[in-house]
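**Q** Just need the structure, nothing else, for what follows:
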Amino acid sequence: MELMIAKKQSYMPPEYINDGVVWNKFDVFSLGVIIIKMLAGNTGYDRRHEMPPERFIEFVTEKWKEKLQGTKVYLSQEADILQLKTCVDIALRCVKEERNERPGINGIVNEQEKLEPEIDKISTNPAYYRSGVCQDIRQTEHLFHLYMTQWGIGTTDSNEKFVVTGGFGSIVVDDFAIRDGPAPNANLVGRARGMHVADGMGDDHWLFCHSIVFTDTRFKGSSLKMLGDFAYENDAEWAIVGGTGEFAYANGAVTAKVIQSHTPATGRIWDLRIRAFCLCIPEKTKMGPWDREAGAGFDNPEAEPPRCLQTVTVEYDDVINSIAFSYSNEAGEKKTAGPWGSHGALTRTIMLAPSEIIKQVLGTTGTVGEDTVVTSLTLVSNLTTYGPFGTTNGTPFCSQAPESNRSIAGFYARAGEAVNALGVYYTPEN
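**A** Modelled structure (predicted):
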């Protein structure tokens, strides 16, 4: 009987247990207990006090991800995870010690109704589409003032050729010179290669499609793709629809104006004002490894570079026996690496909250037998510190972030019976 009463009391709010107070949010507390125990079990319910709410939500989410992956997805895994996280968040607020901080039933219903449009949006994504990592976009602006020389068919310096003739539907293949000035002896900096097509049935209208391929030293090999329309005696505005090399992912606009025209048959000189924007995608930065002689090398495949660290698992005793971690790649897909090393007497899995990032890795190295190994490891996030794991004896090392807006996204290592050397990947914060 006492055991039954104790079990029932776990569903009762503290103000009732302590003071016998019953009020209109009594059932809300019980609802929160039921939801958490259903999703996390009794052990998980007891562990909710051991971690911040954000980390507990991730703890429950990770527990359910494999189950969701193994069942038929009625909406999408992304939608299921969003619903799961929202449910756990509401449940945690339902079991708050202070009754005034708990939501009411109407508030819970309103939250669910606000979530439905977002769920509908996610669930309409087709099976072949997956959203990438959400991140702030930085761009570099490029401004050019160039001149394009067009010489017609039959001229000495002709740089175009008709492949289809006859007015509407005519196709002309081009290899125009791009210079830094209008004069014939101005520096050649590239070529505009492509075609123009007569697409006007009732007027002299052309579609221009060219790639400016730079040949000078500064931008050699890089290119900009231009696409747009041109009608005689009118200035043109063309779109920058892509690029390569230094101008990868380019977009922008080109103002094209004919500044010298002999006749349409003999050619023109174009004044090009180009304004292009290119994405800044910083490369991953490696730091370390600390000690490197022994063990086999382990790293992330080039096709799966880490973007955002999610969990870290350390097995240890007197030394760090192994390390494993999960992360999301550039496509937003979850990937795992490790364990690198062997089993240890103790295991600790760190599950990062959605807004939590690892900013620093600290540790020590020492000699065991004839090999140098990592003897201790500490991870410092923007919220808390994990560790130290192992024994803090030996030579210290530190991975202090080179910039304030960067975080640790993954690891690489050398390992055998223990972790012999450890390095980290830095990436811009998401």
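**Q** Okay, and the residue lying closest to residue 101 once chain neighbours are set aside sits in which element?
**A** In this structure, residue 101 finds its nearest non-sequential neighbour in residue 93, 7.0 Å apart by C-beta to C-beta, 6 or more residues apart in numbering. Bear in mind the C-beta positions are built from the backbone N, C-alpha and C, glycine included. If you go by DSSP states H and E, residue 93 is part of helix 77-94.
**Q** and the angle from the helix or strand following that helix to helix 77-94?
**A** Counting by DSSP H and E, the next helix or strand C-terminal to helix 77-94 is helix 105-123. With axes from the mean of the first three to the mean of the last three C-alpha atoms, to 10 degrees defining the directions, helix 105-123 sits at 160 degrees from helix 77-94.
**Q** ranges for the strands of the stretch 151-300 of the chain?
**A** Using DSSP state E, counting those that start in this stretch, the strands of the stretch 151-300 of the chain run over 160-164, 171-179, 188-198, 205-214, 223-231, 236-244, 251-261, 267-279, 285-290, 296-298.
**Q** With distance to residue 379, mean pLDDT and mean neighbour count added, can I get those strands in TSV?
**A** Listed next are the strands of the stretch 151-300 of the chain as TSV, based on distance: least, C-beta to C-beta, whole Å; pLDDT from 0 to 100; neighbours: other C-beta atoms under 10 Å:
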stretch	distance to residue 379	mean pLDDT	mean neighbour count
strand 160-164	62	83	12
strand 171-179	52	93	19
strand 188-198	49	94	19
strand 205-214	45	94	19
strand 223-231	43	93	20
strand 236-244	39	94	17
strand 251-261	39	92	16
strand 267-279	30	92	18
strand 285-290	14	66	17
strand 296-298	18	68	14
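**Q** Minimum distance to residue 399: which of these has it?
**A** Residue 399 lies closest to strand 285-290 among the strands of the stretch 151-300 of the chain, at 5.3 Å (C-beta to C-beta).
**Q** now the strands for the stretch 301-430 of the chain?
**A** 308-316, 320-328, 334-341, 346-351, 358-368, 371-381, 385-390, 395-398, 406-415, 419-428.
**Q** Out of those, which is closest to residue 246?
**A** Nearest of these (C-beta to C-beta): strand 419-428, 19.3 Å.
**Q** which helices and strands does the closest one pack with?
**A** strand 285-290, strand 320-328, strand 358-368, strand 371-381, strand 406-415 (3 or more C-beta pairs under 8 Å, 6 or more residues apart in numbering; DSSP states H and E).
**Q** what lines up beside it in the sheet?
**A** Strand 419-428 pairs in its sheet with strand 285-290 (antiparallel), strand 406-415 (antiparallel), by DSSP bridges.
**Q** could I get those strands as CSV with distance to residue 326?
**A** Rendered in CSV, the data for the strands paired with strand 419-428 read as follows (distance: least, C-beta to C-beta, whole Å):
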stretch, distance to residue 326
strand 285-290, 19
strand 406-415, 10
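**Q** now for these, which one comes closest to residue 53?
**A** strand 406-415 (21.1 Å).
**Q** Convert the C-alpha atoms of the closest one to PDB, please.
**A** Only the C-alpha atoms of strand 406-415 are listed here, as PDB (Å, rounded to 0.1, in the frame of the first residue of the first chain):
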ATOM      1  CA  ARG A 406      34.000  29.700 -34.500                       C
ATOM      2  CA  SER A 407      33.300  26.400 -32.700                       C
ATOM      3  CA  ILE A 408      34.500  22.800 -32.700                       C
ATOM      4  CA  ALA A 409      32.600  20.700 -35.200                       C
ATOM      5  CA  GLY A 410      34.500  17.400 -35.000                       C
ATOM      6  CA  PHE A 411      37.700  15.600 -34.200                       C
ATOM      7  CA  TYR A 412      40.500  13.600 -35.800                       C
ATOM      8  CA  ALA A 413      42.900  11.300 -34.000                       C
ATOM      9  CA  ARG A 414      45.600   8.600 -33.800                       C
ATOM     10  CA  ALA A 415      44.600   5.700 -31.600                       C
END
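**Q** Now it: average pLDDT?
**A** Mean per-residue pLDDT for strand 406-415: 86.
**Q** the longest helix in this protein is where?
**A** Criterion DSSP state H: the longest helix present in the chain is helix 26-47.
**Q** how far does stretch 364-371 sit from the chain's center?
**A** Here the centre of stretch 364-371 is set off from its chain's centre by 37 Å, with C-alpha atoms, centre = their mean, to the nearest Å.
**Q** Would you mind listing the buried residues in that stretch?
**A** Across stretch 364-371, burial judged by 16 or more other C-beta atoms under 10 Å covers 364-366.
**Q** Could you list the low-pLDDT ranges of the stretch 301-430 of the chain?
**A** Residues of the stretch 301-430 of the chain meeting the criterion pLDDT under 70: 301-305, 331, 400-405, 428-430.
**Q** ok so, going back, what's the separation between the residue nearest to residue 101 and residue 25?
**A** Counting by C-beta to C-beta, to the nearest Å, the gap from residue 93 to residue 25 is 11 Å.
**Q** returning to what we had before: out of the strands of the stretch 301-430 of the chain, which is closest to residue 189?
**A** From the strands of the stretch 301-430 of the chain, taking C-beta to C-beta, the stretch that ends up closest is strand 419-428, at 32.4 Å.
**Q** Kindly calculate the angle that that closest one makes with strand 320-328.
**A** Going by the same axes, to 10 degrees, strand 419-428 makes 20 degrees with strand 320-328.
**Q** hey, C-alpha coordinates of strand 419-428 in PDB?
**A** Extracted in PDB, the C-alpha atoms of strand 419-428 (Å, rounded to 0.1, in the frame of the first residue of the first chain):
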ATOM      1  CA  VAL A 419      43.900   7.700 -27.900                       C
ATOM      2  CA  ASN A 420      47.500   8.600 -28.800                       C
ATOM      3  CA  ALA A 421      46.900  12.000 -30.400                       C
ATOM      4  CA  LEU A 422      43.800  14.200 -30.900                       C
ATOM      5  CA  GLY A 423      43.000  17.200 -33.100                       C
ATOM      6  CA  VAL A 424      39.900  19.200 -33.800                       C
ATOM      7  CA  TYR A 425      38.000  20.800 -36.600                       C
ATOM      8  CA  TYR A 426      36.900  24.400 -36.300                       C
ATOM      9  CA  THR A 427      34.000  25.800 -38.200                       C
ATOM     10  CA  PRO A 428      31.900  29.000 -38.100                       C
END
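**Q** Work out the gap between that strand and the centre of the chain.
**A** With C-alpha atoms, centre = their mean, you get 19 Å for strand 419-428.
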